[in-house]
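Enquirer: predicted coordinates and the sequence they were generated for:
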Amino acid sequence: MNYMKKQITLNVFINLWQKAEGLAFCMILFSFIAGSTGVYGKTVVINEIAPSNSTLPNLDNNGKSDDWIELYNTTSSAINLSGYFLSDNATDLKKFKFPNVSIPANGYLIVWAVGETLQGGIQAPFKLSSEGETVYLSNSASQIIDKVTFGFGTGDMSYSRLPDGADTFVWQSFTQKATNSNGTVDDYKYNLNTNGIVINEYSPLNTSIADQDGEFDDWIELYNNSSSSVSLLGYYLSDNTSNPRLWAFPDTSIAPGGYIIVWADNDDDIGQAGLHAHFQLSSKGESLLLTNQTTVIGRTSYDSAFSNKSYARLPNGKGEYALQAPSFNVSNGNSSFTENLTTAGLVINEIVADNQTVKTEQSSGTYEDYIELFNNSASQINLSNYYVSDDPSNPSKWPIPDGTIIPAGGYLIVWADENVDAYTDNKYTHASFRLDANGETVLLTNGTKIIDKVTYGHANADLGYSRVPNGVGNFYWQAATFRSTNGTTIPVSEEIITDTPEQEFVVSHNRNNQLLTVSLGNDETKKITVYSITAAVQYSGVINGSISIPTSDWKNGVYLISIGNKEKVKKVVILK
């Protein structure tokens with residue numbers, strides 16, 4: 001963090017003096033010293049954020065070193081957090097709803113950012129990015145009570161108010177549930193909005209669009225959302241979070257509503273036509289930054305690259321990034337569509353992009369990939385004029401057959417098998433496209449609005465990318481459920497899916513030596529049977545207290561472990 005921080009010294013107060021005079025400065029100074037009042041009179045604030053924790057254990061999650069967020073009560077009375085929400089997504093402020101819990105007067109509360117829906121403790125179903133993001137605290141009316149944008153963190157440092165509840169942030173050593181101490185200030189500020197210049201589209205594995213020299217290099221598209229021409233002098237692009245000002249724009253401007261292409265080809269020779277940054281985009285994923293002077297105004301990350309696909313804002317210039325066919329220098333997707341993403345009605349509930357043994361399509365008897373829709377509402381929905389697509393540039397790619405009805409709390413399976421002439425009813429139908437097991441974006445639209453949009457990565461055999469809890473939650477990889485309720489506890493990003501008190505025994509899978517270890521916690525001798533997801537016996541033997549079973553020749557997937565005559569049963573996911 002040395003590249004972007006400086007020790008807090010008298011310079012901090014000089015900077016404050018330059019921004020406020022007289023009595024105003026005295027009030028700021030008093031707040032800095034005493035810390036007795038919250039930010040702009042706020043009663044509960046986000047006080048400390050640890051986006052890269054490797055030392056403090058989360059005892060409610062088997063002692064794992066999860067990231068965490070600390071809230072602080074700036075008042076002299078306890079505050080109940082029922083009706084409060086925490087999120088890392090401005091378009092989904094209600095990712096985590098606080099249980100019936102209170103923060104004591106001038107006290108603290110820790111929320112663990114575990115990235116899963118777990119029972120017990122105060123644990124949010126999202127993780128924090130060590131490359132920076134924004135955390136939001138809101139109420140039941142979706143009013144933002146507090147928000148904090150942090151930058152690029154390093155291990156075991158937190159982004160903290162100094163002093164507690166104040167308006168100055170520093171990077172410091174952890175002070176979880178204790179008074180924040182001295183730290184270092186970012187040299188970079190963050191103003192991540194879409195009002196001006198944005199990273200609008202980028203293609204990390206371009207093989208179809210040539211630059212001025214006929215070369216198929218990676219490219220980045222900027223878009224001007226404002227009503228005025230903007231000079232790009234003082235603007236920078238980078239793929240290095242340690243150096244946000246890696247490549248500087250020359251003296252050029254971008255018109256209102258205009259586009260500009262930067263070729264990321266590590267070739268900025270003088271005299272070459274067009275704009276050429278001296279870095280390339282990684283096919284394995286990385287982050288992209290857009291900086292104006294010392295303010296980071298754009299930031300996006302991707303996990304992998306796809307040939308002839310781009311990551312593009314949908315709607316153009318404003319929305320979240322989705323995979324699409326490259327639009328290059330023109331509006332992304334279909335500009336007539338607006339986003340209205342909500343889980344109140346019809347949603348994409350599960351995606352299975354590599355169906356090997358989950359379920360066969362009813363007419364052909366073959367294992368086809370599928371998209372499961374779910375009706376969260378209390379009334380049936382007529383799906384006439386609804387569409388499903390795997391192409392953000394064509395949201396109306398495939399129309400759901402007119403007259404298809406999905407009942408309240410019901411499911412519809414859309415087989416992605418390109419067999420549109422196959423039998424269709426109110427349970428099953430057939431799309432005109434197939435799913436990509438390497439990942440893509442699936443959209444659900446109703447003609448003018450995108451009502452759901454899901455981007456998934458590489459799919460393992462027989463795993464579903466599923467909402468947890470069913471119909472309303474975030475997406476996780478888990479055992480596919482096919483027209484039934486998705487899991488409600490630990491998704492398959494963990495080894496163990498289910499574990500009830502009456503069935504307690506310990507299961508772990510070591511991916512390095514490919515051993516599945518089962519421990520009963522006693523010296524009993526019992527029969528042990530491991531079944532595949534198709535109910536075939538994968539292993540049968542005897543366990544005397546504990547056993548290690550080789551799995552090197554097993555397929556990735558979900559397995560069922562039975563002890564005795566199914567006296568104790570547990571599911572496990574084998575991922576190599």
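Expert: That came through, no problem. Numbers count the residues shown, from 1 in each chain.
Enquirer: only C-alpha atoms from now on, for both contacts and neighbour counts.
Expert: Will do.
Enquirer: quick one: contacts for the residue nearest to Ala325 when sequence neighbours are not counted?
Expert: Excluding its sequence neighbours, the residue lying closest to Ala325 (CA to CA, 6 or more residues apart in numbering) is Lys309, at 5.0 Å. By CA atoms under 8 Å, 6 or more residues apart in numbering, the contact list for Lys309 reads 203, 205-206, 323-326.
Enquirer: what do you get if the cut-off is 10 Å, keeping everything else the same?
Expert: Lys309 is in contact with 202-208, 322-327, 391, 440, counting by CA atoms under 10 Å, 6 or more residues apart in numbering.
Enquirer: and for Ala50?
Expert: Shown in contact with Ala50 (CA under 10 Å, 6+ apart): 66-70, 112-113, 128-130, 153-160, 171-176.
Enquirer: bridged to it, which residues?
Expert: With DSSP bridges as the criterion, Ala50 is bridged to Trp68.
Enquirer: what pLDDT does the model give it?
Expert: Model confidence at Ala50, given as pLDDT, is 94.
Enquirer: how much space separates it from Tyr190?
Expert: Distance, Ala50 to Tyr190, using CA to CA, to the nearest Å: 17 Å.
Enquirer: tell me which helix or strand the residue nearest the centre of the chain sits in.
Expert: The centroid of the chain falls nearest to Phe126 when counting by CA atoms, centre = their mean (7.0 Å). Counting by DSSP states H and E, no helix or strand carries Phe126.
Enquirer: any weak-confidence spans in this structure?
Expert: Scanning the chain for pLDDT under 70 picks out 1-41, 117-120, 153-154, 268-271, 334-336, 488-504, 533-535, 566-567, 576.
Enquirer: got the domain boundaries for it?
Expert: Segmentation of the chain into domains, based on automatic domain parsing, reads 2-187, 197-324, 338-479, 501-574.
Enquirer: next, format the ones you listed as a markdown table and append distance to Gly487.
Expert: Formatted as a markdown table, the domains of the chain follow (distance: least, CA to CA, whole Å):
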| stretch | distance to Gly487 |
| --- | --- |
| domain 2-187 | 10 |
| domain 197-324 | 25 |
| domain 338-479 | 6 |
| domain 501-574 | 12 |
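Enquirer: wait, what's in contact with Phe374?
Expert: Phe374 makes contact with 343, 345-350, 406-413, 470-472, 483-485, according to CA under 10 Å, 6+ apart.
Enquirer: which of those residues are buried? Put it as a ChimeraX command.
Expert: Remark: buried members of the contacts of Phe374, expressed as a ChimeraX selection using 16 or more other CA atoms under 10 Å:
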select :343,345,346,347,348,349,350,406,407,408,410,411,412,413,470,471,472,483,485
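Enquirer: distance check, Trp68 against Asn47.
Expert: As judged by CA to CA, Trp68 and Asn47 stand 11 Å apart.
Enquirer: so what sits against both of the two?
Expert: Contact criterion CA under 10 Å, 6+ apart; residues shared by Trp68 and Asn47: 110, 158, 176.
Enquirer: tell me which helix or strand the second one sits in.
Expert: The secondary structure element spanning Ser158 is strand 157-161 (assigned by DSSP H and E).
Enquirer: the first one too?
Expert: Following DSSP H and E, the helix or strand that holds Ile110 is strand 108-113.
Enquirer: could you pull up the residues touching Phe249?
Expert: Counted by CA under 10 Å, 6+ apart, Phe249 has contacts 231-237, 262, 275-277.
Enquirer: so which of those residues are in strands?
Expert: Members of the contacts of Phe249 lying in strands (criterion: DSSP state E): 231, 235-237, 262, 275-277.
Enquirer: for those, pick the one with the most neighbours.
Expert: The most crowded member of these is Leu237, carrying 27 neighbours; neighbours defined as other CA atoms under 10 Å.
Enquirer: quick one: contacts for the closest residue to it other than its chain neighbours?
Expert: Nearest residue to Leu237, sequence neighbours excluded (CA to CA, 6+ apart): Leu290, at 4.9 Å. For Leu290, the contacting residues are 192, 197-199, 222, 235-239, 244-247, 296-300, by CA under 10 Å, 6+ apart.
Enquirer: repeat the analysis, applying 7 Å as the threshold.
Expert: Leu290 is in contact with 236-238, 296-299, counting by CA atoms under 7 Å, 6 or more residues apart in numbering.
Enquirer: same question, Ala248
Expert: For Ala248, the contacting residues are 235-237, by CA under 7 Å, 6+ apart.
Enquirer: how near is it to Leu232?
Expert: In this view, Ala248 and Leu232 are 9 Å apart by CA to CA.
Enquirer: what's the answer for Ser379, then?
Expert: Plainly put, Ser379 is 52 Å away from Leu232 if you go by CA to CA.
Enquirer: more neighbours, these two?
Expert: Set Ser379 next to Leu232 and count neighbours by other CA under 10 Å: Leu232 wins out with 16 against 13.
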